[in-house]
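Chemist: Provided below are the primary sequence and the corresponding predicted coordinates.
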2 protein chains.
Amino acid sequence: MSKFTFIVENEAFEGVKRIAKKVGDDFKKVCGVYPVFSKLVPADKSSPNSVIFATLGKSRFVDTLTREGKLDSSVISGKREVFCIKFIDNTLLVCGSDKRGTIYGMFALSEYIGVSPLCFWGDVEPQKREDLKIAKDIETVSKEPSVKYRGFFINDEWPCFGTWAAGHFKGFTAEMYDHVFELLLRLKGNYLWPAMWTSSFALDGPGGLNEELADIYGILVGASHHEPCLRASEEWDKVRGKDSIYGNEWNYYKNKNGLLKYWEDALIRSGKYEKIITIGMRGERDSSMLGDNSSLKENIDLLKDIIKNQRDLIKKHVNPNIDEVPQVIALYKEVEEYFYGKEGVDGLKDWDELNGVICMLCEDNFGFMRTLPTAALRSRKGGFGMYYHFDYHGGPVSYEWVASTSFERTWEQMCMAYDYGIKDIWIVNVGDIKFNEVPLNYFMELAYDFEKWGTRSPNKIGEYTTLWLNKNFPNEKKETLDKMADVLHGFIRINAARRPEALNADIYHPCHYLEADRMLALAEKIDSLNEEIYSALNKNEKEAYYSMVYFPAKSSVNLLKMHLYAGKNRHYAAQGKKIANKYADLVTDCIEKDRSLKSEFAQFKKGKWAGMELEQHIGFTKWNEDNSRYPLRIQVEPAYKPRMVVSRKDREEIYTKNYGPLMTIEVNDFLYAGNDEVILEIANDGIGKLDYTIETDKEYPWLEISPLKGTVEFQEEIKIRCKREKLDKQFAEEKARFIIKDKDTKVAVEVKAKVINVELPEMTFLENNNVIVINANHFCAKKEVSKGGFIELENYGRTGCGMKVFPVTSDFDEKEEKPSLTYRFLIEKSGDYEVEVWTTPVNSVQNKRPLRCHLENSNGEKQIIVTVPEDFRAGSPSDERWCQGVLDNIRINKTSFKFEKGVQEISVSALEAGLVLERIVIYPKNNPPLKSYLGPLESCYK
Amino acid sequence: MSKFTFIVENEAFEGVKRIAKKVGDDFKKVCGVYPVFSKLVPADKSSPNSVIFATLGKSRFVDTLTREGKLDSSVISGKREVFCIKFIDNTLLVCGSDKRGTIYGMFALSEYIGVSPLCFWGDVEPQKREDLKIAKDIETVSKEPSVKYRGFFINDEWPCFGTWAAGHFKGFTAEMYDHVFELLLRLKGNYLWPAMWTSSFALDGPGGLNEELADIYGILVGASHHEPCLRASEEWDKVRGKDSIYGNEWNYYKNKNGLLKYWEDALIRSGKYEKIITIGMRGERDSSMLGDNSSLKENIDLLKDIIKNQRDLIKKHVNPNIDEVPQVIALYKEVEEYFYGKEGVDGLKDWDELNGVICMLCEDNFGFMRTLPTAALRSRKGGFGMYYHFDYHGGPVSYEWVASTSFERTWEQMCMAYDYGIKDIWIVNVGDIKFNEVPLNYFMELAYDFEKWGTRSPNKIGEYTTLWLNKNFPNEKKETLDKMADVLHGFIRINAARRPEALNADIYHPCHYLEADRMLALAEKIDSLNEEIYSALNKNEKEAYYSMVYFPAKSSVNLLKMHLYAGKNRHYAAQGKKIANKYADLVTDCIEKDRSLKSEFAQFKKGKWAGMELEQHIGFTKWNEDNSRYPLRIQVEPAYKPRMVVSRKDREEIYTKNYGPLMTIEVNDFLYAGNDEVILEIANDGIGKLDYTIETDKEYPWLEISPLKGTVEFQEEIKIRCKREKLDKQFAEEKARFIIKDKDTKVAVEVKAKVINVELPEMTFLENNNVIVINANHFCAKKEVSKGGFIELENYGRTGCGMKVFPVTSDFDEKEEKPSLTYRFLIEKSGDYEVEVWTTPVNSVQNKRPLRCHLENSNGEKQIIVTVPEDFRAGSPSDERWCQGVLDNIRINKTSFKFEKGVQEISVSALEAGLVLERIVIYPKNNPPLKSYLGPLESCYK
């Protein structure tokens, strides 16, 4: 057993001393024995297992080494939060440029010996290595973090986090926050917005213990936009009152002195700690304090008065040199308007007082940037922050359950934020932390090392994931890790295609384009991979995997299946088929599975996380859970006798017994390239069983029907396959007809097929059943200009690919030469066509400017598509257009073009920055594709 | 015990002899002993219990009496089918003017002793009277039947009648037909179209027994439009063939000689019997023999050739004096066109050859007359017949189950037929006979004694029913008979409002206007009356009641309930309420009840009717049963905790927990006269129970809410009542607000009320929730003119009243003075209004003329409403307009009028004959009443 000695000098930061104990715990986990602690650096540094934790300016030892020339402290000196790790003889020195630098270095050592930053929150037990040795390769000098303040916001914390904290730590206490702080530090973060729904960080320690502990650890505690001057909004309700010294109204206009006193007392109490102080104010329930009839100028003036007085209090009680006190103002909702002002009314942006204050922006709550700083504003001294969401409580629908924002989305949008100059604060709402620990890890990594993972490294999620998995599952082979990555991103992408709460039986179409079946297959694939991985892992890794991946993945695919089965239940019930009842039973199974998954999780590790499983997540009918509903299940009563009903698996129409001419199913699919199979369903809608046979008038060498007879109790499938190689090229079109019959019923099927035998230029897309679908990355030509060009985003969005102009700050005049993508397709019949442009539901990031793209066909006909109009209110649940976009995770705009028969092209270019193109869909006017959520499959191309 | 002697002389008709035995059976049933039969009239006629059955010209005894002056035979002599019953001393003489006259007289005797014409078919056992005496009051001289040929058509006879006949009589044999013939004769009918789906009357006896027996009884056997010259269409398939002497094609153009031979052989075989011979011909499957491109003239010429040759064969083989042979030609579908011809092309109507032939017309298959004879045609020598339906196999939906045509409809439409000169044949399709025996009895009575029951006697269905019930349930008090009448007409009216097969969960609205609840209450009322009557009857009457009323009524209301429950299940499921599950269970109960009712019926009287219960009747989705469906049942999974959901019982919207302003239910109903109660539903959508309370801010003397608190496991009701007398007349409008709350949820209710305190002229209708509804009989003025006037039809149509111009042959020019009805109403706000005119879905009875009515408002603004346009194809399932009318049993047309605030009037008059007005509905343009089947309730009037 390797026994280590940890040396922390007397003068070291208290935080370093405390973290040393945590690192000691890490070493005990790995080598089985807790290190010896010493305050004195031994004279003999030949001991191979000694580790010294020190900070520049807080270590005599480091001073000595520097003096002796054994350490070049200039590599870290004067830098923010950096550390070096270096062997001094045989002794390992971990030295930070400042307190956080040291702590990051200490946890870097933990990571080096195999302890994951998610050891507690992700249940990652390190591998035991009794003969642990620390080798030369640990030596490093860290970088300065890319973003200055990086952290997360515990929010929307009931029922989960709150129940868990109450059950395990008597509430939002320092004992509980110790775990939160440790997580933040292990993730190399420094900034936290604590929980605030029913708690007051400054009071719940109990007493001031929370603030004290945060300060010891070097964590800057902040608050969101409506909790200025270090005082939680919960506190207000405790002290307000008619006879209170603070008064009773949260209205600066009416209760100025009371509020200033309220803030002053908080600054006296909490101002002594390292903090980022929120300034400004919003009315109660986000209302205007001056009433709806007040002018913009009146409101701006009032806010200026508030800020001026708040800053005076900060000068008085915190630091007379106020520029040394980090402050933030949130540009949220109406405050954004006050920031920009308008013609004739100066906004806050033009007010020198705010120069040194960080301006905090917020995306639209659904992960899409809104207005970003203009080039002029980017250079402001105070800089900018971004409040991002992995969890949201609000309209059009809350998402507070397991992870539902894809890493690709976070990358794309946060890179955009960074490139627009938002580098001072990145904070992400992580809800209850649990179930967002993996995306959080990524977010923190991106904020810490943007140079490595940011804009310069598109499409590196796979690489990041492999590294992350390697760290957390070091025993597993690449192959297993790849499967884990598939499960992890698989379930998140499912949740990202439609937030789990916004799923219901009506989302994925139960039959068109076999959409529900494709989603079911995807769910099954993820589910079986998940089970396969889980069952093969050893106990330690099983727990980590269960906690971070298995449970949320299993629950997510189960939820998806529940709604898909419910959709198919409804579909088959509408068709009158008794097979519907089987799907009703499957829905019931999923409901029960959802419950059992939750209760198993609550019991995991003797109840370690009990409470975290409580989030409602099934069938929201409004923005929150209040009227959420389980899927309905429809029961079909079988007819009194066996009764044959035939249908295409991908259509709603049914074909039954008919007097006179037989009902006839048309299968025209084989007239189009890319379709080689159509499935028919033969259902028995009555009691008992029926026997069917298929009769053709003759042999068709190009047609395969299987099986040709069978017995049906509920429903069976018949596959119709086209063997294209056997089609006679002489004929424009071939036809076959066959009859499906049982004792009572006959239904006819007419199949048409043709050889597609035309010479076409490369990347020419062909029509399929009246529609041409082109994924954005399947252009035939791409034009780049000096200002930028399109780059492909892999695994992006609902479609799986996105095309976006980089650099992301580029935008273009209508007449300017623009980067473009050209798509090529064959039009079979001249006429008017609809061209749909499918884009990611991003917002315009330019204040008061729309988001548009430019289309041009081969004839030079031009159209501008406005994907986001000027009056669009991103983030506002009352703007139906925005809601639709973030719910569907796609924005579809369309225009009309005339196309002549033959090969045609259309070019797409972006006018404003930020547009992400996912798909082009073309179909004859007034003949749209069938209803579905994801749309038709991509068409075939030559 | 009374022992009777029946005397039938040797020379009497064989039919009379046979019927005497049946009357003997009747006597045995009544007095317990079979009469003694004698062929000789005793010299001593003092025996009080002797009955002589005789026919003029076939009785020496009658000859003698006439000679002796003891009988004035001139009262019946030379008349059609009349009889006299008279005591000759103590001996009773029943003497007919002809064979059928005698038989009718014999069965009149049976009726006199208490034997119902429905003794077999309705299971009516006569009352035992061992000391039976026949009194002087039996003496009578009957009338000539109003309609010359009266009878019914056994049709659509599978699965019921066919299974029954096969199971009990080895098929469509003479043994079976004996019961049919007896029924026809007891109902004083003389004409029959036998079953023809899989049977050939002339062959199934076995051999010729059917034809022989019919002839013995004096029954004229005919056939429908596509079975000319006494040969069933089933026969054709047996003898056709490539090598057949008749050829293989049912096409006179291609196979003239074969077909003529085919008909000739039938005329030789069957022409010897008294018959009505169908002439003419239709193509196979009702297709044109000359193809679609043939001209009208070509088709007419072909048909003339057919008829000419058919009549030559009749002259040759049946009777050279062809005018003595009754013949019929059906003017059906394309033949109607051939009959009328067109400008420049003479139709069959202009062809002398047809002068003596009865022209058979058909209603639209749903009981509504189509083109009726013009005044000019009415006088044609051959006269007219009408083919009516109580049972129909075809589109838009088949109705082949229990009775579903109201007596009132039959009266109204058949009277119209008679008044248009259709007096030679009345035949009604009765399906399987069983379950149409009671309406059939009425139909035959109307045909026999039109003078008593016809046009001169509107609104006498009640009187008829009392007589009929008295005859069949002689032991019961008036009070019970009235209840029986309520059940009988109650279930038929339910079935008539929507044919049972066309019912489904989407017909009656599950909540608007509490339509489903009102229908449920009606069903429950009929059901409990039915049970009450049934349980109180003695065994004999129980059987008759069960057979004719109880079973069809019980089954009908059960079916209605099944669909109503399914509608409410769907409604509550859409609202997310777990109470939906209770309604799913109720649907299941109804499905099981339907099955148990059927199996009980099959076992009734040791299986006497087994087979007759087999008709499919649930949820047709096309014209026939092939894809019929039981109602779907939806299962709701309760939420994880008790959860309060409030709604108005008569609306779809639900009111649930909300952050911010409470969801508020508006109750504006008390602003309108006639509304004194609104019901709220408080549902618990989660597990367990919840406790609610209602809080008002103050007492409202005019408002009663009850109960004010309660516990809800599934759903409870709160009644809100307006006590109008307590409303303060000073206020234009009063308002109240209260809160319904449980632990989690609050919902507000706002109630408005006002005193309606205006001086209005009589019969002024008031708005109710934006709509004014006036039933047609609630006019404020009625104008009659010399040509006619409106008469009210009671219990008529879907609305319960109809207004129709009599005499029914009257029509009017646009400029002519017309009878009219004026309706009065108060308009609260000047503006554009829609005026809906609800009429019975009758057709225009005038060839190529629309059916219109004329509207005029108080300002003299005039509008013509075309309820049936010229291109309307009554009876054609491909005319959606016609289908809608006969399915919904109402036709709604609308127009717009401007109305000023204040008392307004609108007058309605008919332009064409036959229009029946049921309702006027007025509402502001673009603000229609809520969706429902029956529409809003009639508005209140002063």
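Modeler: Ah, there it is. Note that the structure is predicted; figures quoted are calculated from it, not measured.

Chemist: is it correct that A:Lys735 falls within a strand?
Modeler: Yes: A:Lys735: assigned to a strand according to DSSP: H, G, I helix; E, B strand; the rest coil.

Chemist: list the contacts for it?
Modeler: A:Glu750, A:Val751, A:Lys752 (C-beta atoms under 8 Å, 6 or more residues apart in numbering or on different chains). From N, CA and C alone the C-beta is placed, and that goes for glycine too.

Chemist: among those, which lie within helices?
Modeler: Per DSSP state H, helices hold no members of the contacts of A:Lys735.

Chemist: just among those residues, which is most surrounded?
Modeler: Tallying neighbours with other C-beta atoms under 10 Å in any protein chain shown puts A:Val751 at the head of the contacts of A:Lys735, with 24 neighbours.

Chemist: what is the neighbour count of the closest residue in space to A:Val221 that isn't next to it in sequence?
Modeler: What sits nearest to A:Val221 in space, not counting adjacent residues and going by C-beta to C-beta, 6 or more residues apart in numbering or on different chains, is A:Ala214, at 5.1 Å. Per other C-beta under 10 Å, the neighbour tally for A:Ala214 reads 26.

Chemist: look up which helix or strand A:Ala214 falls in, please.
Modeler: Using DSSP states H and E, A:Ala214 sits in helix A:209-217.

Chemist: what about stretch A:562-574 and chain B, any contact?
Modeler: Yes: contact between stretch A:562-574 and chain B is present through A:Ala573 (criterion: C-beta under 8 Å from any C-beta of the partner chain).

Chemist: thinking again about what came up before, ok, residues contacting the helix holding A:Ala214?
Modeler: Here helix A:209-217 makes contact (C-beta under 8 Å, 6+ apart) with A:13-15, A:18-19, A:103, A:172-174, A:177-178, A:181, A:185, A:192, A:194, A:201-202, A:204-205, A:220-221, A:270, A:273-274.

Chemist: mind listing what the closest residue in space to A:Lys641 that isn't next to it in sequence touches?
Modeler: With sequence-adjacent residues excluded and distances taken as C-beta to C-beta, 6+ apart, A:Lys641 is closest to A:Gly686, at 4.8 Å. Residues counted as contacts of A:Gly686 (C-beta under 8 Å, 6+ apart) are A:Lys578, A:Pro638, A:Ala639, A:Tyr640, A:Lys641, A:Pro642, A:Arg643.

Chemist: ok so, going back, TSV for the contacts of A:Lys735, including distance to B:Glu900 and pLDDT?
Modeler: Formatted as TSV, the contacts of A:Lys735 follow (distance: C-beta to C-beta, whole Å; pLDDT from 0 to 100):
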residue	distance to B:Glu900	pLDDT
A:Glu750	62	97
A:Val751	66	97
A:Lys752	63	96
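
Chemist: so which of the residues you listed sit within strands?
Modeler: Within these, residues falling in strands by DSSP state E are A:Glu750, A:Val751, A:Lys752.

Chemist: wait, isn't the first one in contact with A:Met663?
Modeler: No: proximity of A:Glu750 to A:Met663 does not meet the contact threshold set by C-beta atoms under 8 Å, at 11.1 Å.

Chemist: for the helix or strand bottoming out on mean pLDDT in chain A, give me every contacting residue.
Modeler: Using mean pLDDT, DSSP states H and E, helix A:334-340 stands out as the lowest-scoring helix or strand of chain A, at a mean of 87. With contacts defined as C-beta under 8 Å, 6+ apart, helix A:334-340 is touched by A:225, A:280, A:282, A:286, A:288, A:296, A:299-300, A:303, A:329, A:331, A:347-349, A:359, A:371, A:847.
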